[in-house]
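> Make a model of this:
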Amino acid sequence: MFKKLRRYITIFRVFSKYNLFTLLYSEVNQYYVSTQRNPCVLDVKNRDKAVKLRKAFEELGPTFIKLGQILSKRPDLVPAIYVDELSNLQDNVNPLGFDEMKVAFDGLRCVLPGTEFQSGNYDFNVLDIFDEFNEEPIACASIAQVYEAVLDGNKVAVKITRPNLIDVINLDLAILEDLKSIIVRVLGFGSNFDIDSFLFEFRDLLSKEIDLSNEARNIKRFQENFADVDEVHVPNVHDEYSGENVLIMDYMEGVTIRKIPELPAEKKKWYANIISTSYLKQVYMDGFYHADPHSSNILIREDGIAYIDFGAVGIIDDELRRNMLNLFYGIYKKKMDIAFESFLKITGLNKEDVDVRRFKIDLDDIISKQNYSSGERQSDNYATLALKYNLSLPSEFSTLERALILIEANCLELDPKFNLLENAKPVITKVFMKRYSPFEAFEYLQLEGDRYLEIIKNLPQGVNDVIEVIRGYRIERLEEKTKEIKHYRATESALKYAFLAAILLSSAYMAVNGSGSLPALGVAGFISSILLFGMIFARKI
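Below is the predicted model:
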């Protein structure tokens, strides 16, 4: 309780320091005319607000840093100026000294022969495992720090989680849960935004990132997916010394895109093509992609590229991948209706939920930009469209779109005339050919065969059940009809008897009391009534 109160006080102090209370309650004006080359006064004003928010998140620690990074990947929720500023959070984390970090190696001693685990006792120097170890980190992030070392003669990168992370994260998550209604209101999220789902995904992401064994599995999966691609390199994991708090992997040589030396334009274009096609393969063919491909996580090598830092990955299910492919196909073929229907399926909305005419005009503008522009970033167009019409994109789509923005920015830095759609065309064509190939059809039938066989096997019993139901229904209806007929006949008989009784009594009266020809008529009627009674009685027998 006291820890939570102290954390509330800390958050209040930081928010007050950067004057965020007035910032959060002020509306961010998104609907004004501006360009990247000619920013206006509102651009500068909004940038100042975004910088304050970024600095506050940095000061509040790993949970808020990670929250800012997640928001920077949701341009459908957060204004573009905040997306750009919050994306800088990944590079501005102060490092901790190695004496504080090496507690992560405690669990490692359990698996070393001839050593005994005693938490906090460092008489045994875990660094003796390595041939060399540089205690100055080469990379710092909110969750972990990375060091350079030599293990068994091989240069390796050692990733170590920061100490006491779980307690701080759980405390911050509890506070975010308390303040979720306020967060929605003050940050101006749209009515379609599901804060509970967002916080659930945020908790899930944090739980995976603080467990480095998840990243080890991600690396192995990427290795398998790119085993046959010579130009793309993924590090090997050293399982014998890795665990939840420590990840040891091959050190990947190379330079970042921003530090690339002067190269011929064709060579840079070649690198841009490898980056884009390898990423499109991850998205549309593997359904498993690197979710944070900023320039520091892609290394340029003489023989191709290398991906590093696999803590954040994305997974796309078949349905979303199919809709995304159809969307890109519609844009590629300039078919408005296909693109429109696919985008609605992605957002889960009906035509009645949007202004179709206005929406199609904006979508046509995106199609035009994608097909006829070069040297301009295009991947955030869909998030901008969703933000304009208050459409809630699936988190998987939003995360992917932010990743594609980073990929596009990297490729534009290498090739100023780069167009993602041009590079996507061969991949999309390949995916469509694979989707409708005979092998895929056979594999589908093979996978679904047992289910269909079970249906066919149960079909006779199912038909029999249907027949029994129909038969039972018919018998039930027949019984009801029989009851109706019997009731009708009983009523008819009663009416006949009543009618004959009336004639019999009338005839008897006329035969006794009549005058003239009435007695004869009465006798005739009386005899006729007796005969009719006899005929009805005989018929029933």
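
> May I ask you to confirm that F133 is in contact with Y147?
Yes - using Cβ atoms under 8 Å, F133 makes contact with Y147 at a distance of 6.7 Å. All C-beta atoms are positioned from the backbone trio N, CA, C, and that covers glycine.

> out of those two, which sits in the busier spot?
Y147 (20 against 17; other Cβ atoms under 10 Å).

> Can you pull the phi/psi pair for that one?
The main-chain torsion angles of Y147 are listed as degrees, to the nearest 10 and equal phi -120, psi 160.

> Name all residues that make contact with the closest residue to it other than its chain neighbours.
For Y147, the nearest residue in space outside its immediate sequence neighbours is V158; the separation is 4.6 Å by Cβ to Cβ, 6 or more residues apart in numbering. Contact partners of V158, counting by Cβ atoms under 8 Å, 6 or more residues apart in numbering, are F130, F133, V146, Y147, E148, A149, V246, L247, I248.

> List just the nearest of those residues to I166.
V246 (15.7 Å; Cβ to Cβ).

> isn't the closest one right next to E215, touching?
No - using Cβ under 8 Å, V246 and E215 do not qualify as a contacting pair, with a distance of 11.0 Å.

> list residues touching both of the two?
Overlap between the contact sets of V246 and E215, as judged by Cβ under 8 Å, 6+ apart, is given by K159.

> sorry, back to before: any chance of the contacts of V158 in a markdown table, with pLDDT too?
Converted to a markdown table, the contacts of V158 look like this (pLDDT from 0 to 100):
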| residue | pLDDT |
| --- | --- |
| F130 | 92 |
| F133 | 94 |
| V146 | 93 |
| Y147 | 95 |
| E148 | 96 |
| A149 | 96 |
| V246 | 93 |
| L247 | 95 |
| I248 | 95 |
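
> ok, these vs A50, which is closest?
Nearest to A50 among the contacts of V158 is V146, at 27.7 Å by Cβ to Cβ.

> Closest to the centroid, which residue in this protein?
Within the chain, the residue whose C-alpha comes closest to the C-alpha centroid is E396; the distance, by Cα atoms, centre = their mean, is 3.7 Å.

> next SSE after the helix or strand that that residue is a member of?
With the criterion set as DSSP states H and E, the secondary-structure element containing E396 is helix 395-414. Helices and strands here follow DSSP H and E; after helix 395-414, the next one along the chain is helix 420-435.

> now for the helix holding E396, which elements pack on it?
helix 195-209, helix 265-281, strand 288-290, strand 313-315, helix 318-332, helix 381-388, helix 420-435 (3 or more Cβ pairs under 8 Å, 6 or more residues apart in numbering; DSSP states H and E).

> does the residue nearest to the centre of the chain really touch R321, like I thought?
No - E396 sits out of contact with R321 when judged by Cβ under 8 Å, with a separation of 9.5 Å.

> circling back: what about the residue nearest to the centre of the chain, distance to I315?
Taken as Cβ to Cβ, to the nearest Å, the spacing of E396 relative to I315 amounts to 7 Å.

> Next up, the contacts around F98.
E135, P137, Y147.

> Hmm, I typed the wrong one, I wanted T10.
With contacts defined as Cβ under 8 Å, 6+ apart, the neighbours of T10 are L60.
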